[in-house]
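K.L.:
When you get a sec, could you give me coordinates for this:
(one chain, ligands or ions: 1)
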Amino acid sequence: MKLTPRQQRFVQEYLVDRSPSGAAVRAGYSTHSARKIGEQNLKKPPIAAAIAAATGCAKPPERPALTPDAVLQRLWLIATADPNEIIEHRRTCCRYCHGDGHRYHWTQSELDAARAAHAEGKKADEPFDPLGGPGYDPRRPPAPKCPECFGDGVGAVYVKDTRRLSPGARALWAGVKQTKDGVEARLNDQQAALVTVARHLGMFTDAGAAKDTDLPDLSGITADELDRLLAALRPLFAPPPVGGGGTGGRP
Ligand SMILES: [Zn+2]
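P.N.:
Prediction:
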C-alpha cells in the first residue's frame, strides 16, 4: 500500500493544520473539488494509515477543538509575519542599465528575432545594429550610472510561490481574488490581528475602565510605537510551531 507522491504530500500538508481541503489544495489537487478530494483521501486506507502512523493515533484525528490559545497563537502569527515573504516590490535594471554603451539591451531570443526581421526588411542591405547586445536579465539590480533611469531602475511587484511559505507567512496569506484587472493578492490584516491580541491581553484597558468592546485608537501609532508594542507582546508567545516538514521550506 504505497502512497503516490501527491498522496504523500497530502499527508504532510494535512499534518500541518488538519484541514482536508487545505491539504488537498497544497498537494496540488484541483481547487474546485479540494473539499471533496480531501475528505475522500482521508478515507483511503493507505492515507489513513500514514496519518495514523505519523500521529500515533489509531484513526485520523478530528480537527483540533478551537481554543482561545489556538486563536491567539494564529493571530500572533498573522501579526508578526513578514509580508516580504509573500510579496516584494523590487527595483531592477531598466533596458539600458547593462546594455553595451547603455544602449537597448535584448534577451538573446529578442535579438535573434530583431536580426531576422532586419534580414527580411527593406533595409536588409544595411548592417544590423545590435544596439546594447544580448544578455538582458530583468532580475539584475539597476546600474548606478545608467543615463536612462539614473540608477533608479524600474519597479516591479513580485509574488512568491505561496506553496512554500513559513507558518507565519501562510497565516498571513489570504489567497487571490480574480478582478477585471487581473489577479489581486490578498493578505490578512496584520494591524487588526495585533490589536486583537493586545486587547485580549488587557494591554489597552485603563485600570479596568475601558469596556471590552472599546477598540483603542491606533490610527496615529508610529512605527517605533508599533515596534515597542510588538517587543512587549513577543515574550508572551512561544516561538511559532514548525509545520509539517518536507514541504520545501522557504523560497
Ligand atoms: Zn537603467
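K.L.:
if I look at Val183, how far off is the ion?
P.N.:
Distance, Val183 to the ion, by C-beta to the ion, to the nearest Å: 28 Å. In this view, the C-beta of every residue, glycine as well, is placed from N, C-alpha and C.
K.L.:
Tell me the secondary structure at that residue.
P.N.:
strand (DSSP: H, G, I helix; E, B strand; the rest coil).
K.L.:
Can you name the residues that contact it?
P.N.:
Shown in contact with Val183 (C-beta atoms under 8 Å, 6 or more residues apart in numbering): Val176, Lys177.
K.L.:
Who is it paired with across the strands?
P.N.:
According to DSSP bridges, the residues that bridge with Val183 are Gln178.
K.L.:
So that it lines up with my notes, have the first residue be 889 from now on.
P.N.:
New numbering, starting at 889: the last item is Val1071.
K.L.:
Tell me the confidence at it?
P.N.:
Per-residue confidence at Val1071 stands at 83 (pLDDT).
K.L.:
Point out where the stretch 939-1088 of the chain drops to low pLDDT.
P.N.:
946-953 (pLDDT under 70).
K.L.:
what are the ranges of the strands in it?
P.N.:
975-980, 1042-1047, 1061-1067, 1070-1075 (DSSP state E, counting those that start in this stretch).
K.L.:
residues in the chain within reach of the ion, list them.
P.N.:
Residues of the chain found near the ion (C-beta under 5 Å from the ion) are Cys982, Tyr984, Cys985, Cys1034, Glu1036, Cys1037.
K.L.:
could you give me the average pLDDT of the host helix or strand of Asp1115?
P.N.:
Per DSSP states H and E, Asp1115 falls inside helix 1111-1121. For helix 1111-1121, mean pLDDT rounds to 76.
K.L.:
For the closest residue to Tyr1024 other than its chain neighbours, grab the count of nearby residues.
P.N.:
Using C-beta to C-beta, 6 or more residues apart in numbering and skipping the chain neighbours, the partner closest in space to Tyr1024 is His993 (4.0 Å). Residues lying near His993 (other C-beta atoms under 10 Å) number 24.
K.L.:
What residues does His993 make contact with?
P.N.:
Per C-beta under 8 Å, 6+ apart, neighbours of His993: Arg983, Tyr984, Cys985, His986, Gly987, Leu1019, Gly1020, Gly1021, Pro1022, Gly1023, Tyr1024.
K.L.:
Glu1036 touches Tyr992, doesn't it?
P.N.:
No - applying C-beta atoms under 8 Å, one finds Glu1036 not in contact with Tyr992, separated by 9.4 Å.
K.L.:
between the two, what contacts are shared?
P.N.:
Arg983, Tyr984.
K.L.:
For Ala942, which non-adjacent residue is closest in space?
P.N.:
Leu903 (5.7 Å).
K.L.:
Adding neighbour count and distance to Arg962, write the contacts of His993 out as CSV.
P.N.:
Converted to CSV, those look like this (neighbours: other C-beta atoms under 10 Å; distance: C-beta to C-beta, whole Å):
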residue, neighbour count, distance to Arg962
Arg983, 19, 44
Tyr984, 19, 47
Cys985, 25, 43
His986, 19, 45
Gly987, 23, 49
Leu1019, 16, 53
Gly1020, 19, 50
Gly1021, 16, 52
Pro1022, 15, 49
Gly1023, 14, 46
Tyr1024, 21, 43
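K.L.:
and these, which of them are in helices?
P.N.:
Applying DSSP state H to the contacts of His993, no entry is found in helices.
K.L.:
Many thanks, we can stop here.
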